[in-house]
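> this is a predicted model, with the sequence first.
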Amino acid sequence: MSRRYLFTLWDGSGTVPPELSLARALIERGHRVTVLADPTIEPEAMAAGADFRSWREAPHLRSRRPQDDYLRDFEVDNPAELIARLCERLICGPASAYAAETTSAIGELPPDAVVSSAFLLGPQIAAEAAGLPVAALFSNIYPLPAPGLPPFGAGLAPARDEDERQMHAAIGREGGAMWNAHLAPLNAARAELGLAPLSGVWEQLDHAERVLILSSPAFDFPAQPPANVRYVGPRFDDPAWAEEWQPPAGDEPVVLASLSTANMDQLALLRRIVDALGTLPVRGVVTTGHAIDPEELPSHPQVQVLRSAPHRAVLEHASAVVTHGGHGTVIKALAADAPLLVVPMGRDQLDNATRVTERGAGLRLEPDAGAEAIAAAVRRLLHEPGFREAAARLGERLRAEAHGDKAAAELEGLVRNDRQTVPA
């Protein structure tokens, strides 16, 4: 039976392709999807076959130019300021505005279920108040506290002894207090719709029927998340705006380099990466995304500098990848058996870097690393077979998980009478 789903999304850059990939999968199964999101997402949503509605009063990007970035999270360099900015500008402060626009969309459509970016708590409140099943999507590793997981954001490995466990617990308590300092506007949004208050910000996710992790338990560290959380496997789709690409001529190994498609003040680092590749006997392929004009980067004969390219196609040829550590690039590289040099700049990137290095599938450098250090690290990835062997072990698991579509099955289960029997 055909069902209607309302996807409520924000333009989180790398979060968009996997979320819209899931929307496309539902459409291909015969369902209807309406995407309520930033206007910057409209062409990609339409390309996926979805109907589209734009946020109007709630925060949204007007364009993907750096000057229109309302989060600007790269400007803050400590956890308290980062959490405050996310809460004030996206998660808690505008919850009422997001809830109001979602309530309007629910009334006009109406949907059978709401599928929301996990960080958009306002739409989840609206769906809960309307009595609709809710699925929240994390397009990365699981970021909330759970037994076995180190605290999110600092790039920590799992605790190896009691001292580390105590340290991680203390960090977790401190982080929880930072988030919950911003609880008031979230509870105000709930009160406006007749819902009881929460005792913590992330308690809202406990009200979702499913929290779907669009990642792999083989990549993440072993953990015991809450009962409504499911790892449903990564999604490998490229964004709809990726342009056609042809491999550069030659026999040298291909090295893909790509930093965030969002604005993270990455121009200087990307210039050093291009210079590093220019010193090596490789065919470099560098994609800049929306935030940087390719003409701002140095020119080297053996380095292609492009606004975009379909990374899955490039990775069929790549022997190594240089990345900031965004989940999408990391997962696609590993699925192609390509080892990684990760140069994390923020968000979930430190944690992704640790998961790569702990498995022996790559190296990590600081974002102020010079061109010589970057070149030396790439040389190691190309010449030391252990990195590629470790990446291939992960890649085999990731490719196996791509058979079938657990995420789409979970969403179909939300609106079936047997939804409680959807396999974990």
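Thanks, I have it.
> my read is that His311 contacts Lys332, right?
Yes: at 5.5 Å, His311 counts as touching Lys332 under the criterion of CB atoms under 8 Å. To be clear about C-beta, it is placed using only N, CA and C from the backbone, and glycine gets the same treatment.
> give the buried residues for the lowest-mean-pLDDT helix or strand in the chain.
In the chain, no helix or strand scores lower on mean pLDDT, DSSP states H and E than helix 79-86, which sits at a mean of 89. Neighbour counts over helix 79-86 (16 or more other CB atoms under 10 Å) mark 79, 82-86 as buried.
> continuing past that helix, what's the next helix or strand?
Once the chain leaves helix 79-86, the next helix or strand it forms, by DSSP states H and E, is helix 95-108.
> mind giving me the packing neighbours of that next one?
Secondary-structure packing of helix 95-108 (3 or more CB pairs under 8 Å, 6 or more residues apart in numbering; DSSP states H and E): strand 4-8, strand 32-37, helix 121-129, helix 184-192.
> TSV for those, including distance to Ala392, mean pLDDT and mean neighbour count?
Listed next are those as TSV, based on distance: least, CB to CB, whole Å; pLDDT from 0 to 100; neighbours: other CB atoms under 10 Å:
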stretch	distance to Ala392	mean pLDDT	mean neighbour count
strand 4-8	34	98	25
strand 32-37	35	98	24
helix 121-129	38	98	27
helix 184-192	44	98	18
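> turn those into CSV, including distance to Ile141.
Converted to CSV, these look like this (distance: least, CB to CB, whole Å):
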stretch, distance to Ile141
strand 4-8, 21
strand 32-37, 23
helix 121-129, 19
helix 184-192, 23
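> of those, which is nearest Ala170?
The minimum distance between Ala170 and the helices and strands packed on helix 95-108 falls on helix 184-192, with 24.8 Å, by CB to CB.
> thought Asp351 was touching Gly155?
Yes: applying CB under 8 Å, one finds Asp351 in contact with Gly155, separated by 5.6 Å.
> of those two, which one has the most company?
Set side by side, Asp351 and Gly155 show more neighbours around Asp351, with 27 against 20, by other CB atoms under 10 Å.
> rewinding a little: now for Asp351 and Gly155: what residues contact both?
Listed as contacting both Asp351 and Gly155 by CB atoms under 8 Å, 6 or more residues apart in numbering is no residue at all.
> got the domain ranges for the protein?
The record's domain parsing of the chain by automatic domain parsing lists 4-236+403-421, 254-400.
> Trp245 is nearest to which of these?
Nearest of these to Trp245, taken as CB to CB: domain 254-400 at 3.9 Å.
> distance from the closest one to the middle of the chain?
16 Å (CA atoms, centre = their mean, to the nearest Å).
> would you work out how far apart the start and end of it are?
25 Å (CA to CA, to the nearest Å).
> Glu316 versus the residue lying closest to Trp241 once chain neighbours are set aside, what's the distance?
In space, and not counting its chain neighbours, Trp241 is closest to Ser308: 6.2 Å by CB to CB, 6 or more residues apart in numbering. As for Ser308, its distance to Glu316 is 17 Å (criterion: CB to CB, to the nearest Å).
> please say which of the two ends up with more neighbours.
The neighbour count for Ser308 versus Glu316, taken as other CB under 10 Å, is higher for Ser308 (19 against 12).
> contact partners for that one?
Counted by CB under 8 Å, 6+ apart, Ser308 has contacts 239, 241-243, 287-289.
> same thing but 7 Å
Applying CB atoms under 7 Å, 6 or more residues apart in numbering to Ser308 gives the contacts 241-243, 287, 289.
> same question, Gly395
334-337.
> next: His311.
His311 touches 238, 256, 258, 329, 332, counting by CB under 7 Å, 6+ apart.
> hmm, which two among these are most spread apart?
It's Asp238 and Leu256 that sit farthest apart of those, by CB to CB, at 12.4 Å.
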